[in-house]
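**Student:** Quick check, what structure comes out for this input:
(one chain, ligands or ions: 2)
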Amino acid sequence: MADPAGAPCVEVVDLHKRFGALEVLRGVSFAVDRGSVVSIIGASGSGKSTLLRCINYLEQPTSGEVRIDGEPIGIERRADGSERRRSMREIGRFRRDLGMVFQQFNLWPHLTVLGNVVEAPIRVRGLPRRQAMELARACLERVQLSEKSSEYPARLSGGQQQRVAIARALAMQPKVMLFDEATSSLDPELTGEVLEVMRGLAVDGTTMIVVTHEMGFAREVSDRVIFLHGGLIEEEGPPAQVFGTPRSERCRQFLAKLLH
Ligand SMILES: Nc1ncnc2c1ncn2[C@@H]1O[C@H](COP(=O)(O)OP(=O)(O)OP(=O)(O)O)[C@@H](O)[C@H]1O
Ligand SMILES: [Mg+2]
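**Tutor:** Residues are numbered from 1 along each chain as shown. Ligands and ions are numbered 1, 2, ... in the order given. Below is the predicted model:
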């Protein structure tokens with residue numbers, strides 16, 4: 001039986017994902033403790049986005065398990081040992097615990113900043129409007145955008161829009177935040193303000209899984225770094241080890257290329 005008290009916040013167990021003949025994930029396992037930050041790095045096409053999308057079941061894993069606080073998302077394991085596949089509706093309930101921030105911000109253009117952030121707490125979590133507004137304001141404060149509450153997304157910079165997207169994910173009060181290259185579509189001068197917000201979340205003890213090409217950020221903020229290669233974890237460890245003295249030749253080459 002699952003033991004939520006002792007279990008890691010997120011556990012990925014022997015995850016496989018196949019698209020037709022292409023096996024993108026070939027047995028990935030790792031755990032993320034509550035309050036810790038794990039960064040996932042690797043070359044384009046190595047399966048980083050697929051891994052994140054499998055963790056929140058935007059993609060159904062071909063096999064393996066994802067557990068949140070010890071509970072598998074995809075199946076229910078009963079006390080008598082029997083198992084049952086969960087319905088999409090049940091999976092949706094788990095998904096609320098996973099805040100996702102993508103490269104594209106996907107804000108509603110017809111809603112204000114506050115409207116974007118308050119929407120899911122009311123519609124999905126069923127919070128009373130007043131409570132949801134309070135929560136949304138607090139989330140906008142965390143991303144330092146309180147003064148833009150009544151603005152429409154089109155009138156914000158890319159960095160501001162991405163910070164709204166982060167506030168929107170935070171407003172669901174997820175157990176873990178997943179970031180998929182949250183700064184990749186931004187001009188360099190706007191990257192810093194988004195990384196600053198992410199750094200703040202990490203310092204506040206937010207559990208985070210971060211796919212990033214920002215190696216300086218990964219090195220500074222992560223508790224652990226995972227280097228994906230060919231659908232497998234090729235190297236894993238504290239940032240000082242992965243960036244400083246990687247054991248894998250492929251990881252060494254990947255990092256060397258980035259520095260040139
Ligand atoms: N829905 C899909 N159908 C078929 N193939 C897919 C699908 N999604 C991803 N792939 C393939 O899986 C592989 C891994 O893709 P993924 O997007 O996970 O890589 P990535 O590490 O995130 O790359 P990048 O750094 O460029 O974002 C690629 O070869 C990609 O073409
Ligand atoms: Mg990707």
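**Student:** Which positions in stretch 217-232 come out as buried?
**Tutor:** By neighbour count on 16 or more other C-beta atoms under 10 Å, the buried set for stretch 217-232 is 217, 218, 219, 221, 222, 224, 225, 226, 227, 228, 229, 231. C-beta: built from backbone N, CA, C; applies to glycine.
**Student:** What count of nearby residues applies to whichever residue of the stretch 51-200 of the chain sits closest to ligand 1?
**Tutor:** Proximity of the stretch 51-200 of the chain to ligand 1 (C-beta to the nearest ligand atom) peaks at residue 181, 6.3 Å away. Using other C-beta atoms under 10 Å, residue 181 is surrounded by 19 other residues.
**Student:** Run through the helices of the stretch 151-260 of the chain in chain order.
**Tutor:** Under the criterion DSSP state H, counting those that start in this stretch, helices of the stretch 151-260 of the chain are mapped to 158-170, 188-203, 215-221, 239, 249-258.
**Student:** Determine which stretch of those helices is the most buried.
**Tutor:** Ranked by average neighbour count under the criterion mean count of other C-beta atoms under 10 Å, these are headed by helix 158-170 at a mean of 24.
**Student:** Touching that helix from outside, list them.
**Tutor:** With contact meaning C-beta atoms under 8 Å, 6 or more residues apart in numbering, helix 158-170 is reached by 99-102, 105-107, 113, 116-117, 119-120, 136, 139-140, 142-145, 148, 153, 156, 177, 182-183, 185-187, 190-191, 193-194, 197-198, 201.
**Student:** ok, now with 7 Å
**Tutor:** By C-beta atoms under 7 Å, 6 or more residues apart in numbering, the residues outside helix 158-170 that reach it are 99-101, 105-107, 113, 116-117, 120, 139-140, 142-143, 145, 148, 153, 156, 177, 182, 185-187, 190, 193-194, 197.
**Student:** Return the subset of these lying in strands.
**Tutor:** Among the contacts of helix 158-170, DSSP state E puts 99, 100, 101, 177 in strands.
**Student:** Between which two of these is the distance greatest?
**Tutor:** Using C-beta to C-beta, the two most remote members of the ones in strands among the contacts of helix 158-170 are 100 and 177, lying 7.9 Å apart.
**Student:** Tell me who's in contact with the residue of the stretch 51-200 of the chain closest to ligand 1.
**Tutor:** Residues counted as contacts of residue 181 (C-beta under 7 Å, 6+ apart) are 103, 211, 212, 213.
**Student:** mind giving me a markdown table with the residues you listed and columns for distance to residue 129, pLDDT and neighbour count?
**Tutor:** Below are these laid out as a markdown table (distance: C-beta to C-beta, whole Å; pLDDT from 0 to 100; neighbours: other C-beta atoms under 10 Å):
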| residue | distance to residue 129 | pLDDT | neighbour count |
| --- | --- | --- | --- |
| 103 | 31 | 91 | 16 |
| 211 | 34 | 97 | 23 |
| 212 | 36 | 95 | 23 |
| 213 | 39 | 93 | 14 |
